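Chemist: The amino acid sequence is not available; the structure is as follows:
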């Protein structure tokens, strides 16, 4: 499977421009033979644009996600819309299950290459250190996986990287590739380099962390999106400017590593 991480600049509050930018990245990656494209965390409005969350939130049937689904279908490529600000009341009114009747969530949606919604993940671990996320949003309650090609794809978000038990649950659910849309800022560069790689090694799975770039008032996203293989090798990475990171994520590599080094079977 050819994976593409769309490390893009997100303009705070500029929803239409951000959506156009994301759709262009999906189209370009598909033209370059990507099978799966992942977008960064809160790509619609910008993670740190907290004052805009309530204004821009939509349900899972909202027009922005519909545009992403249409792009997946048009370009015959799976897309992780990771993530958007979800209006839980609107989603529930449209017939979707939600953790609570109302509120906002940090929600990623995985579409297959026909534009069909395969899984929905609401960020479980909400960040409160220099962030209003934990005050504004409702945490998710479950993990999320879906089959894409020959992989079982798991989804987590940013701060989830600091909670290895969530990744072990995904491994137990069969995940062979975990996507991590993020809005990871300076100065925690070394944490960003370490944590996705550690999660890959621990679970003998591919981990692909897609970050944004750009400044948001007093915060600046550090980019450096990367793909790590099940042995912890860095397959591809970016700097701190807009870029598309591509890597071949071979399911047989996961099976071979797990057979050769069966650490997951030795748990007590």
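Modeler: Happy to help now that I have it. Note that this is a predicted model, so its numbers are computed, not measured.
Chemist: hmm, who's touching the host helix or strand of residue 67?
Modeler: Residue 67 belongs to helix 63-75 when elements are defined using DSSP states H and E. Helix 63-75 has contacts (C-beta atoms under 8 Å, 6 or more residues apart in numbering) with 15, 19, 22-23, 26-27, 30-31, 39, 44, 58, 78-79, 81, 84, 109, 111-117. (C-beta placed from N, C-alpha, C; glycine too.)
Chemist: for the record, mean pLDDT for it?
Modeler: Here helix 63-75 scores 99 as its mean pLDDT.
Chemist: chain center to that helix: distance?
Modeler: Remark: helix 63-75 is offset 16 Å from the chain centroid, using C-alpha atoms, centre = their mean, to the nearest Å.
Chemist: Which other helices and strands does the following helix or strand past that helix contact?
Modeler: As assigned by DSSP H and E, the chain's next helix or strand after helix 63-75 is strand 78-87. Contacts defined by 3 or more C-beta pairs under 8 Å, 6 or more residues apart in numbering; DSSP states H and E place strand 78-87 against strand 36-38, helix 63-75, strand 104-111, strand 117-122, strand 151-155, strand 177-181.
Chemist: Grab the nearest non-local neighbour of residue 135.
Modeler: residue 128 (7.3 Å; C-beta to C-beta, 6 or more residues apart in numbering).
Chemist: State the number of residues packed around the one you found.
Modeler: Using other C-beta atoms under 10 Å, residue 128 has 11 other residues around it.
Chemist: you'd agree it is up against residue 139?
Modeler: No - the pair residue 128 / residue 139 is not scored as a contact, 11.2 Å apart, by C-beta atoms under 8 Å.
Chemist: on that earlier part again, does the residue nearest to residue 135 sit in a helix, a strand or a coil?
Modeler: Under DSSP: H, G, I helix; E, B strand; the rest coil, residue 128 falls in the coil class.
Chemist: Return the distance of it relative to residue 164.
Modeler: According to C-beta to C-beta, to the nearest Å, residue 128 and residue 164 sit 20 Å apart.
Chemist: can you check residue 4 too?
Modeler: Residue 4 sits 26 Å away from residue 164, going by C-beta to C-beta.
Chemist: Between the two, tell me which one has more neighbours.
Modeler: Set side by side, residue 4 and residue 164 show more neighbours around residue 4, with 27 against 14, by other C-beta under 10 Å.
Chemist: roughly how far out does the helix or strand that one falls within sit from the chain middle?
Modeler: Assigning secondary structure by DSSP H and E places residue 4 in strand 2-7. Put simply, strand 2-7 sits 11 Å off its chain's centre (C-alpha atoms, centre = their mean).
Chemist: all numbers from here: first residue = 821
Modeler: From this message on, residue numbering opens at 821, which makes the last subject strand 822-827.
Chemist: Tell me the buried residues in the helix holding residue 887?
Modeler: By neighbour count with 16 or more other C-beta atoms under 10 Å, helix 883-895 contains the buried residues 884, 885, 887, 888, 889, 891, 892, 893, 895.
Chemist: got these as a markdown table, with distance to residue 1042 columns?
Modeler: Compiled in a markdown table, the buried residues of helix 883-895 are given as follows (distance: C-beta to C-beta, whole Å):
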| residue | distance to residue 1042 |
| --- | --- |
| 884 | 25 |
| 885 | 27 |
| 887 | 28 |
| 888 | 25 |
| 889 | 30 |
| 891 | 27 |
| 892 | 28 |
| 893 | 33 |
| 895 | 29 |
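Chemist: quick check, nearest of the residues you listed to residue 1039?
Modeler: Closest approach between the buried residues of helix 883-895 and residue 1039, by C-beta to C-beta: residue 884, at 23.1 Å.
Chemist: So the closest one versus residue 840, what's the distance?
Modeler: From residue 884 across to residue 840, the span is 11 Å (C-beta to C-beta).
Chemist: Over to residue 1015?
Modeler: Residue 1015 is 31 Å from residue 840, by C-beta to C-beta.
Chemist: Which of these two has more residues huddled nearby?
Modeler: The neighbour comparison of residue 1015 against residue 840 (other C-beta under 10 Å) goes to residue 1015, with 22 against 12.
Chemist: OK, contacts around that one?
Modeler: Here residue 1015 is in contact with 981, 982 (C-beta under 8 Å, 6+ apart).
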